[in-house]
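Student: kindly generate the corresponding structure for this input.
(chains A and B)
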Number of protein chains: 2
Amino acid sequence: MSLEMQFTEHMKKLIAYNEAVSLLYWDLRTGAPKKGVDLRSETIGVISSDIFIMSTSEKFGDLITALEAKKGELEPVMLRSVEEARKQYDLSKKIPADEYKEFVILQSKAESVWETAKDTDDFSLFQPYLEKMVATTKKMIGYWGEKNGSAYNTLLDQYEPGMTTEILDEVFGELRNRIIPLVQKIAESTNKPKTDFLYRQFPKEAQESFSDKILEQLGYDFEAGRLDETVHPFMIGINRQDVRITTKYDEKDFRTAVFGTIHECGHALYEQNIGEELSGTLVETGASMGIHESQSLFFENFVGRSEKFWEKNYELLKVFSPEQFGQVPQEEFIRAINESKPSLIRIEADELTYALHIMIRYELEKGLFNGDLEVKDLPQLWNDKYEEYLGIRPSNDAEGVLQDVHWAGASFGYFPSYALGYMYAAQFKNAMLKDLPNYDELLAAGDIAPIRNWLTENVHKHGSMKKPLEILEEATGEGLNAEHLAKYLEEKYSKVYQLA
Amino acid sequence: MSLEMQFTEHMKKLIAYNEAVSLLYWDLRTGAPKKGVDLRSETIGVISSDIFIMSTSEKFGDLITALEAKKGELEPVMLRSVEEARKQYDLSKKIPADEYKEFVILQSKAESVWETAKDTDDFSLFQPYLEKMVATTKKMIGYWGEKNGSAYNTLLDQYEPGMTTEILDEVFGELRNRIIPLVQKIAESTNKPKTDFLYRQFPKEAQESFSDKILEQLGYDFEAGRLDETVHPFMIGINRQDVRITTKYDEKDFRTAVFGTIHECGHALYEQNIGEELSGTLVETGASMGIHESQSLFFENFVGRSEKFWEKNYELLKVFSPEQFGQVPQEEFIRAINESKPSLIRIEADELTYALHIMIRYELEKGLFNGDLEVKDLPQLWNDKYEEYLGIRPSNDAEGVLQDVHWAGASFGYFPSYALGYMYAAQFKNAMLKDLPNYDELLAAGDIAPIRNWLTENVHKHGSMKKPLEILEEATGEGLNAEHLAKYLEEKYSKVYQLA
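Tutor: Prediction:
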């Protein structure tokens, strides 16, 4: 068998195993019976660990090396797959095996300690673990070798290939300078939207039917996926023709399900439309966390929260919850679903303030890895920054520095992707308008296909054949530019709050 | 690591992989999106083939041999697990690898040819494949070595350890002699039950709710399982605390769902109640196909189709389909659900005639492997036997010899287990009556626990620690005895048809 064929066989096997693990996980979240959960978790552990062994076996390493030696002869998809395989391989193999194992154990311990610390609002419990986690991650960076000139850039690159603090400092700085004044103006506005009707009873079954209709309209392929209910919504690719989404129903706040579904649908449309020629390879996946998030946020905000989208769909919504919305004018509804209010919890934040939550985490992470910030100083700094950026101060660490699981899992460098998703999305929207000047009319007519196709053509189909910044530049003709998101937010919120 | 520990690790891994394959299969049948099916089937293939490799690896073989060498020191569960591992190992390893592979390919071809042959009613298409299948199976028996003195006994032993034609000839002969006169009397009876009301509309949702209630009553643990809908009902153990059943809803014949659910529940109760000490071993499974079927048939017939069961549940049934049953007296209902009529298709046969369908297949298989019956003679012989035993003759091979998939999959020796299940069940019932003389009152009160516990104590908890005939003898104090089923059928059908 040729080297390429051996490599392809290996990828196919990895993909099959990943399908099994994805389904075991999906089932655990959607409907597996309670008592079977422990054994199920063990099973996921067994198969995941075999996937790890397969991805880091000496045999596979040799295969990667052999293919790298004939780089010039490889087809582009093979070349990128080999690069991806090398990246995964090095991430674990450059670490001495015993240290790697210890790190995995530390992570799982830290997560459980974090849970207790959060529940009991006691940072001091978590602090020694977080300190060890930071120290160990720094040591790992030593093994991996610094990328793009700093320790933290090495971490950024793992989630968002090519991303650096140099870029982020600039765009985040600009964005912050535009968002904060807006947040302040809104706080002072006397033109606040009426929102009481949002919280009226909307039966789950009716929300489900409405979600189905919206998913169909957005072009989610139900023959290659399905919608289920979970505590935390997610999208999961079981295989390339089986991309599932889940949502959560709150009968007292329909927005949870509707915007949650649209968000996950954005992720799913990405996976459902990756180029067929990438099938069965390691690049049949999103380009990065940030690009993935740009697709979910594009649909959630630029489609789902837009005025035009509800021109098409508000009457339909009324059919499913007539008493709730029957007497509410469309304009009032649009203003209500776009309400903005500084809040302490990231995952509950609105479109305008979300990026501020991310910037706070980014600055702290950067300080931990590139500066001399110490873990023990995090709670105080966290609270100070919330006060500075959002004008509110957490009253305890549970609603402050302990709110997110990411650091307990050593996912340092992950947070910025969320805010990048917003910026990418706004930038895509701006570029799309040149090709689709009738964007608003399309939305108003519920004709989403041209919009989705633009994204497929410029983003989805490439899978991870290109780096995030390449995709951005080729699609929009420029590098990362915070202006587009800033301008969009200013225009939108000036209208919602009728600011002078 | 000790040999035992190595073996235990290996079993645990096999069990984890089996959980993955079971779930991939369950999901495919219950709700996987259409377009993902092809990739899903490939994934099942990849993981199943790895399970096969693990079960037959030289390393595992050496481990089995090493443990066999210290048989005397092994704990009973370990000893039986090693025996099971040896059985599986030899089944494939005694066959030269290339011949085994060819056989697997032949099977999969034969199944697809069988499908076409059945659809076009053309036995001549299937004949050469079936001939090759029989010839290859005979060759395999040569490699395995004959068990219990004949080629066909070797096959029987694979599905029902210890079962032989000597036993079957006797019990099947006796049973046949008791059933055939009964079938004839029923055919001549002028006291036929009225059944028109069975076929009235019974909405699916209501059938589902009724099924849930019945499952709860029978003691199916919904926290360790779930009920779903499929084209063909089945029970599947995902893990020992996750034993799922599926059913099929026919709105024009509620019996499909209700008795189907009760049948699968019988299988599930077996799996849900295997002794905890067998957890994570190769004996954490049913003792045999026949013993498994005895549990499903016990609940389907001795519980579900009994008069007393409906004393408790007929009023409940009326709640779910009041128009259908409101005016039907309970006695008439009981007679209707126990109607017996000779039919051509095995899977549609009733309790009385089912065993005759099995005997026909058994006699033909025995002739193929122990006698000089040739494949080309099967269609004629099949039809003759249907005429002799059931008084009806297939008008074509699609409703005759081509109806079952089993032979296309080389599952020779499997059919008898179905009839054994009936006999075991009747024999268990008879023995149970000595411990639970108030059996009828328990049923009438919906108090199933003592009945289920008897089965757990005598059957379920042993998993496959004992051979089927050991279980039978220890539970009932005698060997296989057709008298119990024969007597039960005579009494039951004399009453249903009010025979003299």
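
Student: only C-alpha atoms from now on, for both contacts and neighbour counts.
Tutor: Noted.

Student: so what's the residue in the stretch 51-200 of chain A that chain B sits nearest to up against?
Tutor: When distances are taken as CA to the nearest CA, the stretch 51-200 of chain A reaches nearest to chain B at A:I51, 12.1 Å away. For A:I51, the contacting residues are A:14, A:17-18, by CA atoms under 8 Å, 6 or more residues apart in numbering or on different chains.

Student: which of these are close to chain B?
Tutor: A:Y17 (CA under 8 Å from any CA of the partner chain).

Student: show me the contacts for the residue of the stretch 101-250 of chain A found nearest chain B.
Tutor: Ranked by CA to the nearest CA, the top residue of the stretch 101-250 of chain A for proximity to chain B is A:Q241, at 4.4 Å. Contact analysis of A:Q241 by CA under 8 Å, 6+ apart lists A:224-225, A:272, B:33, B:35-36, B:39.

Student: can you check the pLDDT for A:R335?
Tutor: Looking at A:R335, its pLDDT stands at 97.

Student: now the strand or helix carrying it: how far from the chain's centre is it?
Tutor: In this structure, A:R335 sits in helix A:330-337 according to DSSP states H and E. The chain centroid and the centroid of helix A:330-337 are separated by 26 Å under CA atoms, centre = their mean, to the nearest Å.

Student: give me the mean pLDDT for the helix or strand following that helix.
Tutor: Downstream of helix A:330-337, the first helix or strand assigned by DSSP H and E is helix A:354-369. For helix A:354-369, mean pLDDT rounds to 98.

Student: just the CA atoms of helix A:354-369, as PDB, please.
Tutor: Provided in PDB are the C-alpha atoms of helix A:354-369 (Å, rounded to 0.1, in the frame of the first residue of the first chain):
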ATOM      1  CA  TYR A 354     -20.600  40.000  25.100                       C
ATOM      2  CA  ALA A 355     -17.200  41.000  23.600                       C
ATOM      3  CA  LEU A 356     -16.400  42.900  26.800                       C
ATOM      4  CA  HIS A 357     -16.700  39.700  28.800                       C
ATOM      5  CA  ILE A 358     -14.200  38.100  26.400                       C
ATOM      6  CA  MET A 359     -11.800  41.000  26.600                       C
ATOM      7  CA  ILE A 360     -11.600  40.800  30.300                       C
ATOM      8  CA  ARG A 361     -10.700  37.100  30.100                       C
ATOM      9  CA  TYR A 362      -8.200  37.700  27.300                       C
ATOM     10  CA  GLU A 363      -6.400  40.400  29.300                       C
ATOM     11  CA  LEU A 364      -6.100  38.200  32.300                       C
ATOM     12  CA  GLU A 365      -4.900  35.200  30.400                       C
ATOM     13  CA  LYS A 366      -2.300  37.300  28.600                       C
ATOM     14  CA  GLY A 367      -1.100  38.700  31.900                       C
ATOM     15  CA  LEU A 368      -0.800  35.100  33.300                       C
ATOM     16  CA  PHE A 369       1.300  33.900  30.400                       C
END
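
Student: which strands and helices sit next to that helix?
Tutor: With contacts taken as 3 or more CA pairs under 8 Å, 6 or more residues apart in numbering or on different chains; DSSP states H and E, helix A:354-369 sits against helix A:123-144, helix A:151-159, helix A:165-188, helix A:378-390, helix A:416-435.

Student: and of the ones you listed, who's closest to B:K71?
Tutor: Evaluated over the helices and strands packed on helix A:354-369, closeness to B:K71 peaks at helix A:123-144, with 48.0 Å, by CA to CA.

Student: list the buried ones in that closest one?
Tutor: Using 16 or more other CA atoms under 10 Å in any protein chain shown as the test for burial, helix A:123-144 gives A:123, A:125-127, A:129-130, A:132-134, A:136-138, A:140-141, A:143-144.

Student: for the residue in the stretch 301-450 of chain A that chain B sits nearest to, phi and psi?
Tutor: Nearest residue of the stretch 301-450 of chain A to chain B: A:A449, at 20.4 Å (CA to the nearest CA). Main-chain dihedrals, A:A449, degrees, to the nearest 10: phi -50, psi -50.

Student: mind listing what it touches?
Tutor: By CA under 8 Å, 6+ apart, the contact set of A:A449 is A:218-219.

Student: residue nearest the centroid of chain A?
Tutor: A:E293 (4.1 Å; CA atoms, centre = their mean).

Student: related to what we said a few turns ago, what residues sit buried inside the helix or strand harbouring the residue of the stretch 51-200 of chain A closest to chain B?
Tutor: According to DSSP H and E, A:I51 maps onto helix A:37-56. Neighbour counts over helix A:37-56 (16+ other CA under 10 Å) mark A:37, A:39-40, A:43-44, A:46-48, A:51, A:54-56 as buried.

Student: just stretch A:488-500 next, same as before
Tutor: A:488-490, A:492-493, A:496-497, A:499.

Student: which residues touch that stretch?
Tutor: A:179, A:182, A:185-186, A:189, A:191-193, A:334-335, A:338-339, A:352, A:426.

Student: and the gap between A:V283 and A:S321?
Tutor: 43 Å (CA to CA, to the nearest Å).

Student: look at these two and report which has more neighbours.
Tutor: Per other CA atoms under 10 Å in any protein chain shown, whichever of A:V283 and A:S321 has more neighbours is A:V283, with 24 against 18.

Student: may I see the buried residues of stretch A:446-458?
Tutor: By neighbour count on 16+ other CA under 10 Å, the buried set for stretch A:446-458 is A:446-448, A:451-452, A:454-456, A:458.

Student: no no, stretch A:24-35
Tutor: Neighbour-count burial for stretch A:24-35, counted by 16+ other CA under 10 Å, picks out A:24-26, A:28-29, A:32-33, A:35.

Student: average pLDDT across that stretch?
Tutor: For stretch A:24-35, the per-residue pLDDT averages 94.

Student: element containing A:D228?
Tutor: Assigned by DSSP H and E, A:D228 belongs to strand A:227-229.

Student: all set, thanks.
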